[in-house]
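In: Got a sequence here, can you model it:
(one chain, ligands or ions: 3)
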Amino acid sequence: MQDGMKKWMQLPRDVLVGHDVIYDIKDVCRDLKMGKDPLIVTGCTTKKIAGDIVFDQLSDCGQNVRMVVSAEASMDEVDRIKAEALEHNSSYLLGVGSGKSIDVAKLAATQLDVPFMSVPTAASHDGIVSSRASIRCNGKTSSIEANAPMAVVADTAVISKAPYRLLAAGCGDIISNYTAVRDWELAHRLTNEPFSEYAAALSRMTAKILIDSADSIKPDLESSVRMVVKALVSSGVAMSIAGSSRPASGSEHMFSHALDMVSPRHALHGEQCGVGTIMMMYLHGGDWKKIKECLEVIGAPTTAEQLGIEDRYILEALLVAHTIRPERYTILGTGLTPAAAEKVARITKVIS
Ligand SMILES: NC(=O)C1=CN([C@@H]2O[C@H](COP(=O)(O)OP(=O)(O)OC[C@H]3O[C@@H](n4cnc5c(N)ncnc54)[C@H](O)[C@@H]3O)[C@@H](O)[C@H]2O)C=CC1
Ligand SMILES: O=C(CO)COP(=O)(O)O
Ligand SMILES: [Zn+2]
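Out: Residues are numbered from 1 along each chain as shown. Ligands and ions are numbered 1, 2, ... in the order given. Predicted structure coming up:
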């Protein structure tokens with residue numbers, strides 16, 4: 001199916017954003033009739049931060065809770081979680097933690113045809129709400145169609161204790177909507193790819209609201225977390241409306257996925273996408289300086305050095321980014337020449 005052709009919009013039914021909403025989780029389960037045998041998928045660090053709380057909350061109301069720790073978003077992990085769920089007859093899955101725990105649990109639940117609940121511990125990416133799962137398979141990250149979470153429980157008290165770097169990364173993931181939508185419009189014009197005005201408008205508006213309020217996003221402020229979580233929800237809804245990640249993932253995401261492939265060191269998804277947005281906006285002929293300034297104000301990386309990635313991997317990623325998802329037409333077209341890649345990276349001061 002071509003990107004954007006899907007007409008089935010799947011959205012979460014209950015979305016809770018606020019202080020201490022993690023303690024409302026049992027009410028959400030009751031509201032949604034999720035059953036009594038949950039399987040929590042969490043991370044090593046995030047288990048102590050939220051996994052254990054969710055475990056206790058659900059156990060206290062008589063549910064037969066199981067919990068597994070998962071370290072990576074790979075197909076092997078999805079299979080391991082599915083086996084665990086099947087063995088214990090789990091009636092629903094919860095992803096409690098960062099992007100990887102949420103994606104693994106989301107895809108496992110989809111393949112098992114059981115409901116899924118997303119409980120993010122960081123506002124680092126817009127997959128907390130989306131009907132997609134980014135999973136690594138054979139050295140490549142694929143965006144796989146999945147069921148949207150039945151519920152999202154985003155506790156701003158929990159999320160505001162996460163390192164600020166994760167929140168800044170979430171801003172990078174949202175700001176990348178700008179170039180993602182430009183790429184989508186381009187593909188619509190050049191290849192007649194179906195385009196959703198609603199999804200594109202929502203995605204662009206979400207990025208604009210965030211950019212307009214960039215100077216109020218600061219560490220240790222629960223109001224900042226709230227603003228970013230709401231933007232991530234809205235961006236995830238745009239993906240659900242589109243039936244693909246098109247409104248929130250374009251050439252800047254392809255650059256980030258390429259970096260994951262070619263570079264031995266990685267930064268956070270949203271950080272890499274933010275830097276990719278600066279360069280792709282330059283290629284689009286847009287206001288890349290504004291994107292860069294905004295990321296600087298927020299405190300997100302804008303250079304290879306700040307990403308902790310050597311310049312040569314930035315160039316290598318720029319050269320192969322168009323091969324990541326060949327069916328998705330973007331400003332990268334059939335690929336940059338080495339001279340063009342170096343020019344965009346130098347002019348935007350991503351490399352020095
Ligand atoms: N499904 C979708 O639509 C989307 C999926 N993604 C995927 O999500 C992943 C990126 O997710 P991220 O969360 O950025 O990275 P991640 O899952 O690698 O987590 C980064 C780190 O944050 C830590 N962490 C999380 N919450 C914390 C807290 N409260 N306190 C201390 N440490 C905490 C985790 O332990 C982990 O070490 C990538 O695999 C990306 O492809 C990204 C965007 C959209
Ligand atoms: O990261 C995403 C949106 O922010 C999802 O994008 P992908 O389709 O590139 O995995
Ligand atoms: Zn993203």
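
In: Parallel or antiparallel, list what pairs with the helix or strand of the chain with the lowest mean pLDDT.
Out: When the helices and strands of the chain are scored by mean pLDDT, DSSP states H and E, strand 140-145 comes last with a mean of 85. Sheet pairing for strand 140-145, assigned by DSSP bridges, gives strand 132-137 (antiparallel).

In: For the strand it pairs with, give the mean pLDDT please.
Out: Averaged over strand 132-137, pLDDT sits at 90.

In: One more: stretch 14-25?
Out: On average, stretch 14-25 scores 98.

In: For that stretch, C-alpha coordinates in PDB please.
Out: The C-alpha trace of stretch 14-25 is given here as PDB (Å, rounded to 0.1, in the frame of the first residue of the first chain):
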ATOM      1  CA  ASP A  14      -8.000   7.300  26.900                       C
ATOM      2  CA  VAL A  15      -5.200   9.900  27.100                       C
ATOM      3  CA  LEU A  16      -4.100  11.000  30.600                       C
ATOM      4  CA  VAL A  17      -1.600  13.700  30.900                       C
ATOM      5  CA  GLY A  18      -0.900  15.300  34.300                       C
ATOM      6  CA  HIS A  19       0.700  15.100  37.700                       C
ATOM      7  CA  ASP A  20       0.400  11.700  39.400                       C
ATOM      8  CA  VAL A  21      -1.800  10.200  36.700                       C
ATOM      9  CA  ILE A  22       0.200   7.000  37.000                       C
ATOM     10  CA  TYR A  23      -1.900   6.300  40.100                       C
ATOM     11  CA  ASP A  24      -5.000   6.400  37.900                       C
ATOM     12  CA  ILE A  25      -3.900   3.400  35.800                       C
END
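
In: And the contacts of it?
Out: Outside stretch 14-25, the residues within contact range by Cβ atoms under 8 Å, 6 or more residues apart in numbering are 28, 31-32, 50, 53-54, 57-58, 117, 119, 129, 150-158, 222, 226, 229-230, 233. For the C-beta atoms, the positions are set from N, CA and C on the backbone; glycine is no exception.

In: Close to ligand 2: what parts of the stretch 1-150 of the chain are there?
Out: Residues of the stretch 1-150 of the chain lying near ligand 2 by Cβ under 6 Å from any ligand atom: His125, Asp126, Arg132, Ser134, Ser143.

In: show me where pLDDT drops low in the protein?
Out: 1-6 (pLDDT under 70).

In: ok so, going back, filter the contacts of stretch 14-25 down to the buried ones and hand me the PyMOL line.
Out: Buried members of these, defined by 16 or more other Cβ atoms under 10 Å, are picked up in PyMOL with:
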select buried, resi 28+32+50+53+54+57+58+117+119+129+150+151+152+153+154+155+156+158+226+229+230+233
